[in-house]
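A.B. asks: Need the 3D shape of this:
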Amino acid sequence: MKFSEAVELIARANHIVGFTGAGISTESGIPDFRSPGGIWANNRMIEFSEFVRSRAGRIEYWRQKVAMWPEMRDAKPNAGHLAFVELERQGKLRAMITQNIDGLHQNAGTHPDLVIELHGTTTEAACLTCNERITMDEAVRRVEEGELAPECDLCGGVLKPATISFGQAMPAREMQLAVEASRDCDVFLAVGSSLVVYPAAALPELAKRSGAALIIINRTPTPMDDIADLVINDEIGKTLPELIRVREGV
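C.D. replies: Numbers count the residues shown, from 1 in each chain. Purely as a prediction, here's the structure:
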């Protein structure tokens, strides 16, 4: 499929599913966790089992989250995020599935009901016992004031950023919503994802098998390129608005 053909396809589409990974957020200044200069290159990864069983593990986990929070909090949506907002304005966006935890789709203006956060959100902390939530600003304040592994004020349970860690179960509701959306779309836009982290990476293939056109925009090749209708290896903020013909000023 040529670029011009993809533009026409999107213009005619009624049910488009967006799917984003770290690549769209790096253009907002948020480093990719897995990149050579990312968080995991300079910090020890704390898996979920260690977080649950070890206070020392929880302290280290929170230390890392507090260190990265200002950069995450202050990041602004970019032209790629705004392109999906435009698809919603046009009435075409069926769902906005994201592997990202930064909340930038909502900050850009995508309706929260459309956003499916497969890996949770770093904007809140949740109690692992009763699921009570507080803002990340509040959690970070408590850590900085000396509560190095904060606990829930309601039940005394362990507080954890509301993200999905390695070894932690994927959220069942969000996964089901993502599967349903992927089966019920005519275009699946996979943007800024390496498409190697499962089960999320299975969604583009599911959409393709269900009859959707698959368009991949990523700086580097992905394992799904061979089945895609169009692959664009370029900057998201430049190519995605061109693909959907965003109006000037949007």
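
A.B. asks: Can you find the helix or strand in this structure with the smallest mean pLDDT?
C.D. replies: helix 39-42 (a mean of 60; mean pLDDT, DSSP states H and E).

A.B. asks: moving C-terminal of that one, what's the next helix or strand?
C.D. replies: helix 48-53 (DSSP states H and E).

A.B. asks: What average pLDDT does that following helix get?
C.D. replies: Mean pLDDT, computed over helix 48-53, is 97.

A.B. asks: repeat for stretch 169-180
C.D. replies: 96.

A.B. asks: distance between that stretch and the chain's centre?
C.D. replies: Mean-position distance between stretch 169-180 and its chain equals 13 Å (Cα atoms, centre = their mean, to the nearest Å).

A.B. asks: Could you number the chain from 889 rather than 1 from now on?
C.D. replies: Okay, residue one is now 889; in that scheme the one you just asked about reads as stretch 1057-1068.

A.B. asks: Show residues contacting it.
C.D. replies: 983, 985, 1004-1006, 1008, 1052, 1087-1088, 1091, 1094 (Cβ atoms under 8 Å, 6 or more residues apart in numbering). (Glycine included, C-beta is placed from N, CA and C.)

A.B. asks: Among these, name the buried ones.
C.D. replies: By neighbour count, with 16 or more other Cβ atoms under 10 Å, the contacts of stretch 1057-1068 hold 983, 985, 1004-1006, 1008, 1052, 1088, 1091, 1094 as buried.

A.B. asks: Report the mean per-residue pLDDT for the helix or strand hosting Leu1128.
C.D. replies: Element membership for Leu1128 (DSSP H and E) is helix 1124-1132. For helix 1124-1132, the mean per-residue pLDDT is 94.

A.B. asks: Please point out which parts of it sit buried.
C.D. replies: In helix 1124-1132, counting by 16+ other Cβ under 10 Å, buried: 1124-1125, 1127-1129, 1131-1132.

A.B. asks: Now do that helix: which elements does it pack against?
C.D. replies: helix 891-900, helix 967-977, strand 1075-1079, strand 1101-1105 (3 or more Cβ pairs under 8 Å, 6 or more residues apart in numbering; DSSP states H and E).

A.B. asks: which residues touch the residue positioned nearest the centre of the chain?
C.D. replies: Central residue of the chain (Cα atoms, centre = their mean): Asn988, 2.0 Å from the mean position. Contacts for Asn988 (Cβ under 8 Å, 6+ apart) come out as 908-910, 912-913, 1005, 1007.

A.B. asks: any idea which of those is the one closest to Arg900?
C.D. replies: The closest of the contacts of Asn988 to Arg900 turns out to be Thr908 (Cβ to Cβ; 22.6 Å).

A.B. asks: how far away is the closest one from Ser937?
C.D. replies: Here the distance between Thr908 and Ser937 works out to 28 Å (Cβ to Cβ, to the nearest Å).

A.B. asks: So for those two, which sits in the more crowded spot?
C.D. replies: Applying other Cβ atoms under 10 Å to Thr908 and Ser937 shows that Thr908 carries more neighbours, namely 26 against 13.

A.B. asks: what residues are up against Met933?
C.D. replies: Counting by Cβ under 8 Å, 6+ apart, the residues that Met933 touches are Phe1054.

A.B. asks: same deal with Ala1088?
C.D. replies: 907, 985, 987, 1006-1007, 1066, 1081.

A.B. asks: Type out the ChimeraX command that picks the buried ones from those residues.
C.D. replies: Only the buried entries of the contacts of Ala1088 go into this ChimeraX selection, using 16+ other Cβ under 10 Å:
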select :907,985,987,1006,1007,1066,1081
